[in-house]
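Chemist: Got a predicted structure here, sequence first:
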Amino acid sequence: MEPKFIPLSVPNFCGNERNYVNDAVVSEWVSTGGSLVPKFERAIADYCGAKGAVACNSGTSGLHLAALAAGVGPGDEVLVPTLTFIAAVNPVRYAGAEPVFIGCDDSLCMDPALVGEYLAAHAEMQDGRCVNKSTGAHIKALVVVHVFGNMADMPRLLEVAKQYGLIVIEDATEALGTRYTDGPLAGKMAGTMGDIGVYSFNGNKIITTGAGGMAVSDNEEYLAHMKHLSTQAKSDELNYKHDEIGYNYRLTNVQAAMGLAQLEQLEGFIAHKNEMYEFYRERLDGKHHYRILPFVGGVRSNKWFYSLCVEDSHPLRRDEIIQKLAAAKIQTRPIWGLIQDQADYPKNESYGCELARHYLDRIVNLPCSTSLTKEDAQRVVDVLLSL
Ligand SMILES: *Cc1c(COP(=O)(O)O)cnc(C)c1O
């Protein structure tokens with residue numbers, strides 16, 4: 001018999017999704033109006049402990065709104081991670097600014113030491129603004145990504161951002177529910193420690209609305225501006241007056257219905273992700289030239305994606321391992337290519353990216369759906385140990 005296909009990460013609709021979506025359809029509120037969008041915004045803001053939230057039609061559009069609200073524009077530079085999904089970086093360009101790529105630490109997230117070193121060597125403060133000494137650009141903001149649900153080192157990143165007056169945008173698209181349990185930021189959720197945080201509800205994220213996103217902030221001005229920009233910057237509802245260039249970035253009521261049902265299950269999903277992470281870790285970490293990369297301590301992580309690191313002593317290369325798994329009907333994927341190598345970003349500045357380049361060729365993301373069974377995970381383990 002053919003073995004069953006084990007997907008990398010698929011959505012899980014075992015709660016009230018059908019009921020709430022059906023109610024939305026029956027109510028005929030299927031577009032961007034309706035009561036469920038503000039209800040979902042409130043629910044996410046309350047869950048995260050943020051003052052407010054602005055729903056949008058993707059995490060990418062949320063990051064674009066965040067950059068615009070932060071005042072990022074032409075002539076500015078923004079520090080970004082190189083080891084991430086490109087949607088963390090492109091919004092900087094949409095806003096007309098240039099990214100500067102910074103390497104990671106062993107959490108795979110942006111390394112605060114590298115940020116500090118880069119700024120100390122390449123920037124100086126002029127009239128309270130952080131200026132890049134070689135380009136003359138204003139380094140206005142920093143985008144930090146909480147990679148795979150891990151927590152970037154926020155106490156240190158916030159400290160260096162404060163020293164240089166940088167606005168901090170948290171790309172928490174992969175880290176909904178990840179929070180500090182210890183340390184100076186205990187109780188704080190990923191996405192709520194910088195100036196603006198963004199979540200994604202794409203189909204592969206820990207909860208999904210099909211496509212969707214949410215920007216959160218404690219700053220009322222940012223919240224109001226992001227909402228305004230997301231709704232075509234309409235300043236007069238009745239007479240169709242628009243006071244700046246806006247976007248159609250709103251989430252729909254149907255998607256919000258799905259999001260509310262998914263949010264009810266989030267804590268259960270996180271518990272499952274944590275349990276299956278331990279399952280893989282016990283069976284694979286330190287075995288047969290594999291490591292299961294750890295999540296940082298002092299944090300309750302949502303453990304969205306699991307990273308298998310293939311040691312150089314393994315008889316096979318990472319890509320061969322992915323192919324063998326695929327032949328056994330197990331879907332995995334390599335970590336992203338560095339963003340500084342993509343599109344036309346090679347012309348942008350980068351700093352301290354050696355460790356990111358090291359991980360680039362060695363990481364495989366293992367199946368991690370919230371419906372993954374131990375039986376299926378054991379099959380993944382058995383195939384990996386046989387290679
Ligand atoms: C998913 C993701 C995004 C973008 O979210 P979409 O909802 O797919 O637009 C941005 N950054 C990172 C790191 C992501 O993983």
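Modeler: Perfect, thanks for sending it.
Chemist: so Met125 sits right up against Leu166, yeah?
Modeler: No: using CB atoms under 8 Å, Met125 makes no contact with Leu166, being 11.2 Å away. C-beta coordinates here come from the backbone N, C-alpha and C atoms, glycine included.
Chemist: neighbour count winner among the two?
Modeler: Leu166 (24 against 12; other CB atoms under 10 Å).
Chemist: which residues touch that one?
Modeler: Applying CB atoms under 8 Å, 6 or more residues apart in numbering, one finds that Leu166 lies in contact with Leu79, Cys130, Ile139, Lys140, Ala141, Leu142, Val160.
Chemist: Before we go further, the last one is sitting in a helix, right?
Modeler: So the one you mean is Val160. Yes: assessed with DSSP: H, G, I helix; E, B strand; the rest coil, Val160 lies in a helix.
Chemist: Spatially nearest residue to it (excluding sequence neighbours)?
Modeler: Gly116 (4.8 Å; CB to CB, 6 or more residues apart in numbering).
Chemist: What of the fifth one?
Modeler: If the residues on either side of it in the chain are set aside, Ala141 comes closest to Ile167, at 4.2 Å by CB to CB, 6+ apart.
Chemist: So what's the residue count around Gln255?
Modeler: With other CB under 10 Å as criterion, Gln255 counts 25.
Chemist: For the protein, which residue gets nearest to the ligand?
Modeler: Ranked by CB to the nearest ligand atom, the top residue of the chain for proximity to the ligand is Gly59, at 2.5 Å.
Chemist: mind listing what that residue touches?
Modeler: Gly59 makes contact with Ala87, Asp171, Thr173, Val198, Tyr199, Ser200, Phe201, Asn202, Lys205, Gly212, Gly213, according to CB under 8 Å, 6+ apart.
Chemist: from those residues, which two are the most distant?
Modeler: Farthest-apart pair in the contacts of Gly59 is Asp171 and Gly212; separation 15.2 Å (CB to CB).
Chemist: which one of those two has more residues nearby?
Modeler: Asp171 (34 against 29).
Chemist: on that earlier part again, okay, the contacts of Leu166 in TSV with pLDDT next?
Modeler: Output for these, formatted as TSV (pLDDT from 0 to 100):
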residue	pLDDT
Leu79	98
Cys130	98
Ile139	98
Lys140	98
Ala141	98
Leu142	98
Val160	98
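Chemist: Out of those residues, name the two that are farthest from one another.
Modeler: Taking CB to CB as the measure, those reach their widest spread between Lys140 and Val160, a distance of 14.4 Å.
Chemist: more neighbours, the two?
Modeler: Between Lys140 and Val160, counted using other CB under 10 Å, Lys140 has the larger neighbour count: 24 against 21.
Chemist: Show me what the helix or strand hosting the more buried one is packed against.
Modeler: In this structure, Lys140 sits in strand 138-145 according to DSSP states H and E. Counting contacts by 3 or more CB pairs under 8 Å, 6 or more residues apart in numbering; DSSP states H and E, strand 138-145 packs against strand 76-81, strand 129-132, helix 154-164, strand 167-171.
Chemist: got the ones you listed as JSON lines, with distance to the ligand columns?
Modeler: Formatted as JSON lines, the helices and strands packed on strand 138-145 follow (distance: least, CB to the nearest ligand atom, whole Å):
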{"stretch": "strand 76-81", "distance to the ligand": "9"}
{"stretch": "strand 129-132", "distance to the ligand": "24"}
{"stretch": "helix 154-164", "distance to the ligand": "16"}
{"stretch": "strand 167-171", "distance to the ligand": "5"}
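Chemist: hmm, back to that, can you check the pLDDT for the residue nearest to Val160?
Modeler: Looking at Gly116, its pLDDT reads 98.
Chemist: Can you give me the neighbour number for it?
Modeler: Gly116: 16 surrounding residues under other CB under 10 Å.
Chemist: Would you tell me which residues of the stretch 251-387 of the chain are close to the ligand?
Modeler: With the criterion set to CB under 6 Å from any ligand atom, the stretch 251-387 of the chain never comes near the ligand.
Chemist: Format the CA atom coordinates belonging to stretch 202-217 as CSV.
Modeler: As requested, C-alpha coordinates have been extracted for stretch 202-217 and formatted as CSV (Å, rounded to 0.1, in the frame of the first residue of the first chain):
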residue,chain,number,x,y,z
ASN,A,202,-2.1,33.0,5.8
GLY,A,203,-3.1,29.3,5.3
ASN,A,204,0.2,28.0,6.7
LYS,A,205,0.3,30.1,9.8
ILE,A,206,-0.8,28.9,13.3
ILE,A,207,-4.3,30.3,12.8
THR,A,208,-5.7,31.2,9.4
THR,A,209,-8.4,33.3,7.7
GLY,A,210,-7.4,31.9,4.3
ALA,A,211,-5.4,35.1,3.8
GLY,A,212,-5.2,37.9,6.2
GLY,A,213,-3.2,39.9,8.7
MET,A,214,-3.4,42.2,11.7
ALA,A,215,-1.3,45.1,12.8
VAL,A,216,-1.3,45.9,16.6
SER,A,217,0.1,48.8,18.5
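Chemist: Any buried residues in that stretch, and which?
Modeler: 202, 204-217 (16 or more other CB atoms under 10 Å).
Chemist: Then stretch 372-386?
Modeler: Leu372, Asp376, Ala377, Arg379, Val380, Val381, Val383, Leu384.
Chemist: Excluding covalently adjacent residues, which one is nearest to His228?
Modeler: Gly246 is the one closest to His228 (CB to CB, 6+ apart), at 6.9 Å.
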